[in-house]
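K.L.:
my questions concern the predicted model and sequence given below.
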Amino acid sequence: MPQPAEPPGVNDLAVVAATVNGSGSQTANNAIIRAIFRMGIPVNGKNLFPSNIQGEPTWFTIRVSARGYSARPTRVPILIAFNPRTADSDLAELPPGGLCLYPGDGPWRPARADVVAVPLPVKELAAASNVEPRMRDYVANMVYVGALAALIGIELGELRAALAHHFQGKARPVEQNMAVVQAAHDWFAAQGVASPFRLRRMDANAGMILIDGNTAGALGAIFGGVSFLAWYPITPATSLADALASYLPRLRRGPDGSPTYAIVQAEDEIAALGMAVGAGWAGARAMTSTSGPGISLMTEFAGLAYFAEIPCVIWDVQRVGPSTGLPTRTAQGDLISTYFLGHGDTRHVVLLPGSVGECFDFGVSAFDLAERLQTPVFVLSDLDLGMNLWRSAPLAYPAAPMDRGKVLSAEELERLGRFVRFADPEGDGIGARTLPGNPHPLAATLSRGTGHNERNVYSERPEDWKANMDRLGRKHETARRLVPQPIIELEEGARVGIIGFGSSYDAIREARDILRAQGLPTSFMRVRALPLGEPARDFVSRHRICVVVELNQDGQLRDLLRLHCPEHAARLLSVAHSDGLPLTADLVAGAVARLL
Amino acid sequence: MPQPAEPPGVNDLAVVAATVNGSGSQTANNAIIRAIFRMGIPVNGKNLFPSNIQGEPTWFTIRVSARGYSARPTRVPILIAFNPRTADSDLAELPPGGLCLYPGDGPWRPARADVVAVPLPVKELAAASNVEPRMRDYVANMVYVGALAALIGIELGELRAALAHHFQGKARPVEQNMAVVQAAHDWFAAQGVASPFRLRRMDANAGMILIDGNTAGALGAIFGGVSFLAWYPITPATSLADALASYLPRLRRGPDGSPTYAIVQAEDEIAALGMAVGAGWAGARAMTSTSGPGISLMTEFAGLAYFAEIPCVIWDVQRVGPSTGLPTRTAQGDLISTYFLGHGDTRHVVLLPGSVGECFDFGVSAFDLAERLQTPVFVLSDLDLGMNLWRSAPLAYPAAPMDRGKVLSAEELERLGRFVRFADPEGDGIGARTLPGNPHPLAATLSRGTGHNERNVYSERPEDWKANMDRLGRKHETARRLVPQPIIELEEGARVGIIGFGSSYDAIREARDILRAQGLPTSFMRVRALPLGEPARDFVSRHRICVVVELNQDGQLRDLLRLHCPEHAARLLSVAHSDGLPLTADLVAGAVARLL
Amino acid sequence: MTTTRAPLNALGLSRADYKGAASTLCAGCGHDSVASQIVAAAFELALPPHRVIRMSGIGCSSKSAAYFLGRSHGFNSLHGRMPAVTTGAHVANPTLIPIAVSGDGDTGSIGLGGFKHLLRRNVPMVYIIENNGVYGLTKGQFSATADRGASLKYAGVNQLPPIDLCAEALIVGCGFVARSFAGDARQVRELIKAAFCFHGTAVIDVISPCVTFNNHDESTKSYSYGKAHEEPLHDLTFIPHYEELAVAIEPGEVRDVRLHDGPVIRLRKIGADYDPTDRMAALTLLERARAANEFVTGLLFVDEHRPTLAETLGLGATPLAELPAELLRPSPEALAAVNREFM
Amino acid sequence: MTTTRAPLNALGLSRADYKGAASTLCAGCGHDSVASQIVAAAFELALPPHRVIRMSGIGCSSKSAAYFLGRSHGFNSLHGRMPAVTTGAHVANPTLIPIAVSGDGDTGSIGLGGFKHLLRRNVPMVYIIENNGVYGLTKGQFSATADRGASLKYAGVNQLPPIDLCAEALIVGCGFVARSFAGDARQVRELIKAAFCFHGTAVIDVISPCVTFNNHDESTKSYSYGKAHEEPLHDLTFIPHYEELAVAIEPGEVRDVRLHDGPVIRLRKIGADYDPTDRMAALTLLERARAANEFVTGLLFVDEHRPTLAETLGLGATPLAELPAELLRPSPEALAAVNREFM
Ligand SMILES: Cc1ncc(C[n+]2csc(CCOP(=O)(O)OP(=O)(O)O)c2C)c(N)n1
Ligand SMILES: Cc1ncc(C[n+]2csc(CCOP(=O)(O)OP(=O)(O)O)c2C)c(N)n1
Ligand code: SF4
Ligand code: SF4
Ligand SMILES: [Mg+2]
Ligand SMILES: [Mg+2]
C-alpha cells in the first residue's frame, strides 16, 4: 500500500474541524471521512470532544495519508474554524501557509497574515437546504463539507454516498444536506483559492471497511456468542453497549423469533459485573463493558470471579484517570490495576486489541478464553480505538468453533461416576465444571469466594488453600500460552526494540519510519495480552535496549515487562506520555531518539 | 535479652490448646500468656480460629522463648487436647516425647505410646468453681490452665493477677476461675508427671507491655488525633474499631465533656471511605479500617482521594485472599493491589508496621503524612499482628507535634492576596489547601475528581492534565523521603540480604539465627513503607543476592522491589508462602537455604 | 439413590435428599430453623433439586445456604451482592428456581440498593431475609434493622431508627411481601411454599434470633420477644392446586389467594380481616405496627400482575445458557452483510 | 468586595456573590433553572457563603454544583457517592450547611443505598434531586425514575416501573420531602429556602427536564408535560420568622408549619386541604397520584422531631475539624496510664 511517489500534499494532508459540540458536526465530519475512504484513500478521524453535551469546543481531526498512517498528526495545515470561542487559539496552531475556512457571517475574524483564510457565507449557503429554520444550524456544517470538498477535491458523488450511508438511505435528509454541500462547493470553487493539498483517487481501500472499535468489539461479542450483557452507562464504553443493542436484534434471533441474548442495564457497575458473574456461572456467555471508574467498582467481583472461577468478559474502554479524570479523552492507564484487580493474590487475563480488527477478533476469543480458563477475561480497549473510525480489513469470520471449555453433562458425570470440581487431571490448572440445571445427583456444587478444597467444599486447611492457589498459578501458566501472542517485527540490524500495545500501534509504526529515515532501525513488538509469555522475554533479550511506548503516566507495560523478565529489567526503558491526546509519531520518535 | 544459657526446655517451650470456639477458651489462653509474661519471660500467643461463631475447632499456640522468639513454632511439644473432633489429628502432630492433657471424662482417648498423655477429671475439677451449671463449660477451660501451671510451673499468683487483668478487677469471676485453676493445679501436681519443660522467672519484661496490634493501632490513632472513624465491620479489622470505640470515650473528651471524635458505622466500605474522605476534606483527622474485601470496594474512592488530594487514613488488617478467602487467617497479600489501588495512574503511600509498637507509631504518623501529603495513607497490618498478643516496649509518646500540613487560614490568605490550590512553590508537589468554613472570599474551591488546572478549575487542556500528573509525581517523590525508612541490619561478611516487612519480622529474625548457626550470615532489611526509597536500592545493591520473604502467593514485595531497582531485578529472589498460617523460622531458613 | 424408608414425595425423593451439609451455626440459631423449613417446603413441594439454585451473600445467614438443598447448585457470593448474581443466573436460565438467604446486614446495609433494584426488575425467586437485627458473623454490631435504643455488648446503644425491609419491598413494587418468625415453623414453611410458587420476587422477612449476640429479652429480634408478641395476621396454609377442592371451608372465615399456576394461599382469619392485595393497607399496617410496637406476621401483600424479568426481556423457551453454538454465532453470510455496511 | 449597585441582602452581599461559574449545560436545561433558584434562595436567606458547602456526585445535575455559590466550598465527588462524602463533612463540621444537587441516576440508581442510609442518619442538608428520568451526561439512557413505556432514541422502550424517590425518602423516615418542577421557579425557590432552614435532611425531588434527551411531550419529565399537568398541593411561601407577624392571613385558608429555629412555611390552600405532617397521608397521596398519573408538587411531608446525625453523636460546640492539637492528643500521662494496663 505505501505509495510515497505522490507529490507532497497529494493524499497526504490533515484537516481539523473546530466546532461546538451538540451542533451536529459529527455528521459532517463522518461524511468527509467516509467520502475520502470511498475514494480509495487511506483516511482516519479522531474526535476530540468535551465531557459535555452541548456548547463546548470539539475538534475533529481528519488525517489522509497515502501511506496509511493514522496516528494523530502533529501538523494540521487546514483549519475549519467554526467555533468562535476557540478560533483564535485554533488559528495560532495553524502552520504558516495553512488554510483556514471560517464563517464569514459569524463574529470572528482571523488575524494572521501567513495563512490563507477564506470566509464562508454560511447562512446564505445553508439556506440552500430548504430545511425548516430550526434545523439550519445542523445543516450549516455542510457548508464546510462543501467548501472543503472544493478545496481538496473530495468527490461529490462519494459525499452523497457517505450521507446516504449515514442516513441509512433516507432520501430527504440526504438531499437537504447535499444541497448545501453542492452550493458551498460551487461557491468555493468560484473563489479560486489555490491549495497545495489535494486528494487523488487511489485503490487502497478495496474490500476494506471503516469502523470504530466499539462497534467492532460489539460485533465480535455477537459472533463470539455473547448471550448476556449487563452494563452501566459510561463514556467511552457506552457505544459498545449501544452497538450490541442495535446489532443483536438483527443478528441473533432464535428459530421462534425470540432473542438469543439479553441486555440488562444494571443499577451500577458492581451489579453489572455481579449479573455477568451470575450468568456466566449459570452457563451464559456473559459480558459487561465499562471504563476506569467502573473497573474500580468491579474490583471485588473481579476477585470473586477469579477465585470462584467463573467465566465472564469485561471490556474496559479506557479513558484518562485517575478518578473521574478526563472522561472523554483517551489513555492506556488501566493496565496494572486491571491485571492485579482484587485484593489478595490475583492476576487476570487481559487482552489488548491493537486495531478495530482485533477488537472484533478478541471480542470473539475473549469468550473462548473465559470459558476455557473459567475466569474473567478483560479486554482493554481505549477511547481512541473505541470511538473513532479506523480503516480495516473486513471483520474475519472466526476460524475455530466455539470453545465452551470443560463442562460436564449429566451423561458424562454418569460415566465418570464422580465429580471433583477442582481436580486437575490434565495439569493445566483447570477443573471441569457442571452447570446449574444439570440433573445428575453428583452435579451440584456450591460456588464460593471462600477457601475450599478440590471438591469445592469450604475448607480452612492450610494445605487446601495452598494447593488451590498453586493450581490457580498453573492455570495462569496455561493462560500465558493460550492468549494471543505478541506480533513481532524484527528489523535487520536493529539493536533497539520498541514495544507497545493497543491503539498506539500506528503512532509507533510511523515513528519507526521516521527513525529509520534518521538511520535508526528498530524492531517492534506489539503485546496483545497479559500474562506475558516466552516470546516477549525472547524479544527483549534480543535487543540491547527496548523502549516501551505507552499512553500513560507511569510506564505500566514497561513495569509489567520488568516483572516478567527481571533479568532484562534494566534495559527496558520507557516512553510514557499521557495528556488525553493520542500519541503522535513525532512525539514517539523524538522521545525514543532522546533515550538512546 | 538473649540468654541461651538455660538448659533446653527451660523457658523454651510451646503449648497448643486445641479447643472449640465460642467455649470461652480465649480467657484461659490469655490468662496463661499474661501470667508467663508477668513472670518476666518472653511469651507470645497465636490464635488460629475459624470463620465461625461457635462449635468449630480453634488452636491457640503459646510460645515461650527466653531468646524472645515469637514466630509460630514448628514443634509444639505440649498439647491441650480439649476438642474431641480434632484430637486425633492434633495428637498426630505431637512430637515423640510430647505431653498431652485431655479431658478424661470426655469421649476421646489418645492412642500413642510415645507421648505422655494425662487425662484430666474436668467436670469434677470445674465443680470447684461453684458457678451455676450453665457457666460450667466456660470455667472448664480453667482446668487445663491449672494443670498446665503445675506441669510447666506457671506461678499461681501471676495467674490470679492475669485473671484480675482480664476481668478488670471484678472479684467474683476471678475467684470462681481461680478456684478451678487451684484445684486443677493441686490435682495435677499430685500426679507426679515429669516434664522436661519448665518456666523459670526472668527479668525480660521489665517495663514491657503485652498488647495486640489492633489495640495498639487504635491507640496510635487516638494519640495521632483521629477525630473521625467511619467503618464497616470485617474480620480481622473489627477489633481495631472496637478498641477505638472503647478507648476514645476515656481518652478524648473536650473541656465541656463532649467527645473530640465521632464514630460512624457506615452501611458499607464504599460509604465508610466516602465519609472519611468527606471528613478529611472538611478538616478532620479521618480514618477507616477494613480488610481485603473492603479495600476492593474502596478502590474508586481511593482514586478520588488520591487525585482530589484529600487526606485520610485507611487501615487494612490483611487476611487471606483473593475474594472472601480465609477471613480468619493471616496474610500479606494486599501489597500490590493497595499500592496501585485505583484505575488510571495511581500510586499510594502505604505504611507497613512490623510490630505492635509500630502499629502505634504508624497509627500516629499516618495522620501527619496524610495531612502533609494531602493524600490517603494506607496502613497494612495483618491478622497475626492485629489480633494476637505481642510483647513490646511501652507505647512511646509521639516525639513531634502534629503536622497538619499546608492549610491556609483566612488571615494567611488575606496576606497572600491570592489562592492557587495546586501551585507548587516549594517543589515538593504539595499545594496549600483551605478548609470549608474559611470565610475569606478567596478561600472557596470546588474539589473534584475531574481534570483540573492549578486553580482547581475544571480543565480538559492536555497541558493542565500533564502538569498536574507531573506534580503528583513530585509529590510521590516527596513521600518517598517522608515515609518511615527501612530498618537495616548489616551483618559482617554477609553476601546475602534478606528483605521482609510486617509481621514476618520475627520468623525472619529466628531464621537468620538458624542460618548463621549453619554458617550463613545474612543481612536484613525490613521495609516499612511504600514508596520505596534510596536506602532500599542501596541495600539491594550491597548484596550478591537478596531474598524477599513474605506471606503471600506471588512475591509482591519482591515485585515492587524489582520495579524500584530494575538494575538489580535479577538478584531479587522470592520466598513467598501463604497458607493462612504465620511463617515459621524453619520454613524461612529452609527456603532461603535452598535458594542459595 | 436414597435407601431410607422415610416418606417419599412425588419425585420419589425423601426429606434427606433436600438436606445440606451439617450446620456450623451456633446451636439454637434461628437461621437453622429457617433452613429446616426450606428443606421441608422443597420436599413437600417436590421441587426437583437440580432446578433449584440456592443463593446467598455473606453472613451467618448466607453461610446457611450450605446447610440445605445439598443436591441443588448454589452460589455463596459476596456481601450484599446476591441480588445481582441471582439476576444474572435467572436471565441466563429462567427455568432455574432461585431460593436465597440473606441477612439484615447483607440486605439492609451494604445490599440495600441491590435489593431494591432486584425487586424493581421482579426476578422470580424466594428471597428470605434472616433478620436478627445484628451482624452475627462479625460478632455483634448493629445492622440497619436494629431497634432504636437497643444495646449490644461491644456496639453500645443504637440511636438510629430501624429500616423496615417489608416496607422497603412494598414501596418499590415487590409483589409478595411477608414477615414471619423463625419460632413459628409452620408459618415460615407455608410462606416459603407459597413464595416458591409466586410469579416474581417473593420477599420473606423472617425474624431469626441470633442466640449468641442479640437474644436478650428486650430485643424485638429475640425468641422470647417473638414468642410473646407475635401477632399472626392470619393462619396461612399453602394448597397445591390439585388438592384445592378437597379442603372444606366455612365462608367468611378464609380468604383464598390464587397464584397464577393454580396453587392457593389460604388465609384463615385470626383477628380482624386483612386483605393482602391492598398495598396501601399493607403499608398502613406496618406503620401502625411500628408505632404501636407490634410484631405482625403473615402475608402482608401479594400481587402477581407484574411480569418477571425474563418476561420483560421477552426471552424464548430455551434458556440462554442452553443455546447451541449454531444459535449463538450468526452465519458467515451475516458477517459479510455487516462488513458491507462499513464499506 | 462587590461594587455593583444591585440590591444587597442582610450580609451586604449581592445576588452576584452567590453565583457560580458560567453553566456549560445545554441551553434550557432544567438544572440551570434550579441552580438559579439556589442562588436566589441563598441570597434571600443571606446565607454566609463560606458556611455553605455545595456537594454533588457525577452527572449533568452534579456538574451544576459548579454553577452556583462560587464563594462556597464544594465537592463534586463520585457517581452516587455524594451522600457519604456529605455525611463525613457534616460530622467533621456540623456548622457547615450542605446543599447538594444530584441526578435521578446518581440518587436512584447507583446511589440508592447511600441515599437511604443518609436519610436514616438524618444528615442536615438540602438534597435536591434534579430528576429528568434519564442519564443526561452519558447521553440518554433510562434512569430508575423513567416512566414505564417511555421510549428514548438509543435506549428503546423502558419496561420497568419507575422508582418514586419521594416515596423512598418517606418510607425510610426522611423528615422533609417535597416534589417540585423546574418550570415552577417560585415553588422551587421557596422550597429550597424552607429546606435550608429544616433541621435534618430535606429532600426536594425537582422534575428538571433534559431538553436534549427527554423533553418530548409524552415524557412526564418534560416541560410541556409539567406545565400542563403540575398540580401544586398548596401555594407555598417561606417566611423568615421575624417577618411573621407582618403577614395578615385569612383563617382556614392557610396552614403554617413552624420550623425549630423560628421560620414558618406558609401553605396556602389551593384545592383540597393537605396536611403535610401526616406521613401515611403523604404516602397515600403519592400512591393515588401514581395510579392516576397525576403530577403533584409541593411540600409532601415535614416533621422535625428527629435529631440530626451530629446530635445523635453528641458532638460538642467546636467542630471536630476545628479542634486544636491539645484536644486531639491526650497527655503523656494518659499514655503512661494506658501502658500500665498492658503490663
Ligand atoms: C465487603 C465485605 N464487608 C464486610 C464483610 C464482613 N462481614 C461478613 S458477614 C457481615 C455481616 C453479616 O450480617 P448479616 O447480613 O445480618 O448476617 P448474620 O450474620 O447476622 O446472619 C459482615 C459485615 C464482608 N464479608 N465483606
Ligand atoms: C462509577 C461511574 N459509573 C458511570 C459513570 C458515568 N456517568 C456519568 S453521569 C452518569 C449518569 C447521570 O445521570 P443522572 O444522575 O440522572 O444525571 P443527569 O446527567 O441526568 O443530570 C453516568 C452513568 C461515572 N461517572 N461513574
Ligand atoms: S452468631 Fe448469631 S446469627 Fe451467627 S450462627 Fe450464632 S446465633 Fe446464628
Ligand atoms: S443533556 Fe440534558 S440534563 Fe444534560 S445539560 Fe443537556 S439538557 Fe441538561
Ligand atoms: Mg444479621
Ligand atoms: Mg438524570
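P.N.:
Sure, I can see it. Ligands and ions are numbered 1, 2, ... in the order given.
K.L.:
near ligand 2, which residues of chain A?
P.N.:
A:232-234, A:269, A:293-294, A:297, A:324 (Cβ under 6 Å from any ligand atom). Backbone N, C-alpha and C define where each C-beta goes, glycine included.
K.L.:
rerun at 5 Å
P.N.:
Listed as neighbours of ligand 2 in chain A under the rule Cβ under 5 Å from any ligand atom: A:233-234, A:293.
K.L.:
filter these down to the buried ones.
P.N.:
Neighbour counting over the residues of chain A next to ligand 2 (16 or more other Cβ atoms under 10 Å in any protein chain shown) leaves A:233-234, A:293 as the buried ones.
K.L.:
just to revisit the earlier point, quickly name whichever of the residues of chain A next to ligand 2 is closest to A:Gly220.
P.N.:
A:Ile234 (19.7 Å; Cβ to Cβ).
K.L.:
pretty sure the closest one contacts D:Thr138?
P.N.:
Yes - counting by Cβ atoms under 8 Å, A:Ile234 sits close enough to D:Thr138 to count as a contact (6.4 Å).
K.L.:
quick one: contacts for C:Pro276?
P.N.:
C:233, C:255, C:257, C:267, C:282, C:298-302 (Cβ atoms under 8 Å, 6 or more residues apart in numbering or on different chains).
K.L.:
just those: which are in strands?
P.N.:
The subset of the contacts of C:Pro276 located in strands under the criterion DSSP state E comprises C:255, C:257, C:267, C:298-302.
K.L.:
compare the residues you listed and tell me which is most surrounded.
P.N.:
Using other Cβ atoms under 10 Å in any protein chain shown as the neighbour test, the ones in strands among the contacts of C:Pro276 are led by C:Leu299, with 29 neighbours.
K.L.:
how many neighbours does the residue of the stretch 151-300 of chain C at minimum distance from ligand 2 have?
P.N.:
Per Cβ to the nearest ligand atom, C:Val172 is where the stretch 151-300 of chain C lies closest to ligand 2, at 18.0 Å. For C:Val172, the neighbour count with other Cβ under 10 Å is 22.
K.L.:
quick one: which of the residues of chain A next to ligand 2 is nearest ligand 1?
P.N.:
For the residues of chain A next to ligand 2, the closest approach to ligand 1 (Cβ to the nearest ligand atom) belongs to A:Pro293, at 18.6 Å.
K.L.:
wait, doesn't that closest one sit right on A:Thr324?
P.N.:
Yes - if you go by Cβ under 8 Å, A:Pro293 and A:Thr324 touch, sitting 6.4 Å apart.
K.L.:
any shared contact partners between these two?
P.N.:
Joint contacts of A:Pro293 and A:Thr324 (Cβ under 8 Å, 6+ apart) are D:Leu78.
K.L.:
ligand 6 versus whichever residue of chain C sits closest to ligand 5, what's the distance?
P.N.:
Closest residue of chain C to ligand 5, Cβ to the ion: C:Gly103 (3.8 Å). Distance of C:Gly103 to ligand 6, given as Cβ to the ion, to the nearest Å: 33 Å.
K.L.:
what do you get for C:Gln141?
P.N.:
35 Å.
K.L.:
which ones are touching the closest residue to A:Met142 other than its chain neighbours?
P.N.:
Distances taken as Cβ to Cβ, 6 or more residues apart in numbering or on different chains place A:Val180 nearest to A:Met142, at 3.7 Å, with adjacent residues excluded. Counting by Cβ under 8 Å, 6+ apart, A:Val180 makes contact with A:125-126, A:128-129, A:139-140, A:142-143, A:145-146.
K.L.:
just A:Ala81 next, same as before
P.N.:
By Cβ under 8 Å, 6+ apart, the neighbours of A:Ala81 are A:18, A:87, A:90-91, A:100-102, A:108, A:110.
K.L.:
check C:Ser77 too.
P.N.:
So C:Ser77 contacts A:274, A:277-278, A:304, A:447-449, C:55-58, C:85 (Cβ under 8 Å, 6+ apart).
K.L.:
on that earlier part again, keep only those of the buried ones among the residues of chain A next to ligand 2 that are in helices.
P.N.:
Among those, the ones falling in helices (DSSP state H) are A:Pro293.
K.L.:
the buried ones among the residues of chain A next to ligand 2 also near chain B: which ones?
P.N.:
Among these, the residues that sit close to chain B (Cβ under 8 Å from any Cβ of the partner chain) are A:Pro293.
K.L.:
chain C: which of the buried ones among the residues of chain A next to ligand 2 is nearest?
P.N.:
A:Pro233 (14.9 Å; Cβ to the nearest Cβ).
K.L.:
now for the residue lying closest to the closest one once chain neighbours are set aside, how many residues are close by?
P.N.:
Distances taken as Cβ to Cβ, 6+ apart put D:Thr138 closest to A:Pro233, at 3.9 Å, once the chain neighbours are dropped. Applying other Cβ under 10 Å, we find 21 residues neighbouring D:Thr138.
K.L.:
and stretch C:152-161, which residues are buried?
P.N.:
Neighbour counts using 16+ other Cβ under 10 Å place C:152, C:155, C:158-161 of stretch C:152-161 among the buried residues.
K.L.:
just stretch C:218-229 next, same as before
P.N.:
Neighbour count says stretch C:218-229 has C:219-223, C:225-226 buried, by 16+ other Cβ under 10 Å.
K.L.:
please apply the same query to stretch A:519-527.
P.N.:
Neighbour-count burial for stretch A:519-527 flags A:520, A:522-527 (criterion: 16+ other Cβ under 10 Å).
K.L.:
ok, so of the residues you listed, who is nearest ligand 5?
P.N.:
Nearest to ligand 5 among the buried residues of stretch A:519-527, with distances taken as Cβ to the ion, is A:Val527, at 47.4 Å.
K.L.:
what about the helix ranked longest in chain C, distance to the chain center?
P.N.:
Under DSSP H, the helix in chain C containing the largest number of residues is helix C:30-45. Distance of helix C:30-45 from its chain centroid, counting by Cα atoms, centre = their mean, to the nearest Å, is 12 Å.
K.L.:
can you name the element that comes right after it?
P.N.:
strand C:52-56 (DSSP states H and E).
K.L.:
tell me the spacing between C:Phe301 and ligand 3.
P.N.:
27 Å (Cβ to the nearest ligand atom, to the nearest Å).
K.L.:
wait, is C:Ala228 part of a helix?
P.N.:
Yes - according to DSSP: H, G, I helix; E, B strand; the rest coil, C:Ala228 belongs to a helix.
K.L.:
that one and D:Ile99: what is the separation?
P.N.:
Taking Cβ to Cβ, to the nearest Å as the measure, C:Ala228 falls 47 Å from D:Ile99.
K.L.:
what does A:Glu463 give?
P.N.:
Taken as Cβ to Cβ, the span from A:Glu463 to D:Ile99 is 58 Å.
K.L.:
neighbour count for those two, which is higher?
P.N.:
Neighbours of A:Glu463 and D:Ile99, each counted by other Cβ under 10 Å, are more numerous for D:Ile99; the result is 27 against 11.
K.L.:
and that one, what are its bridge partners?
P.N.:
Under the criterion DSSP bridges, D:Ile99 forms beta bridges with D:Arg54, D:Val126.
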